[in-house]
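Chemist: With the sequence up front, the predicted model follows.
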There are 2 protein chains.
Amino acid sequence: MPKLDRTDLRLLAVLQGEGRITNAELAERVSLSSSACLRRLQRLETDGVITGYAAQVEPQAVGLGLQAFVRVQLARHEAGAIERFVEKVEGWEEVVACHALTGDMDYLLHVYVADLPHFSRFLLDRLLNDAGVADANSSFVLRTVKRSPSLPLGHLEG
Amino acid sequence: MPKLDRTDLRLLAVLQGEGRITNAELAERVSLSSSACLRRLQRLETDGVITGYAAQVEPQAVGLGLQAFVRVQLARHEAGAIERFVEKVEGWEEVVACHALTGDMDYLLHVYVADLPHFSRFLLDRLLNDAGVADANSSFVLRTVKRSPSLPLGHLEG
DNA sequence: GACAGCGCGCAATATCCTTGCGAAGAGAGC
DNA sequence: GCTCTCTTCGCAAGGATATTGCGCGCTGTC
């Protein structure tokens, strides 16, 4: 874990909210010259603190009207079965996140689909078909209260 | 929902993966002149298809070693109680996402913390203290199998 | 007090963004 | 079939930005 000073944290905070800001304005925000700012930014990238940049797309605007969280139980838990499941998950573009969790269920999937028929195809044709899934329990998103692209950084402030 | 042609979809796909790409290279990727590319990009932004850009930060690199999903049940379900809960959630930076879901529990929270003591403070001092929460059920992330910043776009391809 | 290491700002060049302009193509109405 | 309109394109120019080399100043060590 590379050490980050207050300026680095301000850079990260700004970039988590405005990832496409110009280096010149970023430098002004954190009270640095543009060259010093660029060098810090490049260091954060090469050190792996910043892993990339992404445009945030409005789901409704691209016809993704339905989100679901699916809790999954695998039928078998040998390394091979898990690896096969992971590879399938990585290939399904509807799944934007998949975590192995403590608790009753093995995995939690976050899924974006156009509508219920689309979800039905995903569930029946993909998830429950030849992926080694014993049980799947779906919950649909009624309302998104918060969706922040920014990780918390407050715990690092000196 | 604004209509998006194939070029728009390619723009979105590229920008979801490389949000800080220069307009010149973006134009080359989608076989457009830089001016035409920029005008499409600005239209996607003003139409609300692209809502912003964000740097992706590696959680481990900023000392966030623990992720949890917390399922929450509210004590009361009047509009006022819900609004108060939502406002609290928006103020907690540890919570990067909060969704109201179908099923047994009212809300699902995605939480990033440094460690178990940090999570304990979050749970006891914030979530279970004066936020109107009747019950909370936590699951910790053992392994992140997939975390994609990109929404699926395949369903729109002609 | 001298020295090394680090991070900074300045300045110059190369690259990129941004806007105005005219042309080509698609679709509507007659 | 013709024309008119609307949209989107590429080109070009000027202004802004990114990127690099260089020298200075600060800090900690010996």
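Modeler: Arrived safely. A quick note: this is a predicted structure, and the numbers were derived from the prediction, not measured. Numbers count the residues shown, from 1 in each chain, chains lettered A, B, ... in the order given.
Chemist: helix/strand/coil for the residue nearest to residue A:58 when sequence neighbours are not counted?
Modeler: Excluding its sequence neighbours, the residue lying closest to residue A:58 (CB to CB, 6 or more residues apart in numbering or on different chains) is residue B:51, at 5.2 Å. (Glycine included, C-beta is placed from N, CA and C.) When classified by DSSP: H, G, I helix; E, B strand; the rest coil, residue B:51 comes out as strand.
Chemist: ok, now which ones touch residue B:51?
Modeler: Residues near residue B:51 by CB atoms under 8 Å, 6 or more residues apart in numbering or on different chains: A:56, A:57, A:58.
Chemist: how close does the last one sit to DNA strand C?
Modeler: For residue A:58, the distance to DNA strand C equals 21 Å [CB to the nearest atom of the strand, to the nearest Å].
Chemist: contacting residues around that residue?
Modeler: If you count contacts by CB under 8 Å, 6+ apart, residue A:58 has them with B:48, B:49, B:50, B:51.
Chemist: Name the nearest residue to residue A:71, ignoring sequence neighbours.
Modeler: Among residues not flanking residue A:71 along the chain, residue A:105 sits closest, at 3.9 Å (CB to CB, 6+ apart).
Chemist: Count the residues that sit near that neighbour.
Modeler: Neighbour count of residue A:105, defined by other CB atoms under 10 Å in any protein chain shown: 17.
Chemist: what's the answer for residue A:11, then?
Modeler: Residue A:11 is flanked by 24 other residues according to other CB under 10 Å.
Chemist: Quickly find the element holding it.
Modeler: Assessed by DSSP states H and E, residue A:11 sits inside helix A:6-17.
Chemist: Is that helix positioned near DNA strand D?
Modeler: No. Helix A:6-17 is not in contact with DNA strand D by CB under 7 Å from any atom of the strand; minimum separation 11.9 Å.
Chemist: Spatially nearest residue to the residue most central in space within chain A, not counting backbone neighbours?
Modeler: By CA atoms, centre = their mean, the mean C-alpha position of chain A lies nearest to residue A:97, the distance being 5.9 Å. Nearest in space to residue A:97, with sequence neighbours left out and distances taken as CB to CB, 6+ apart, is residue A:110 at 4.1 Å.
Chemist: Many thanks, I have nothing further to ask.
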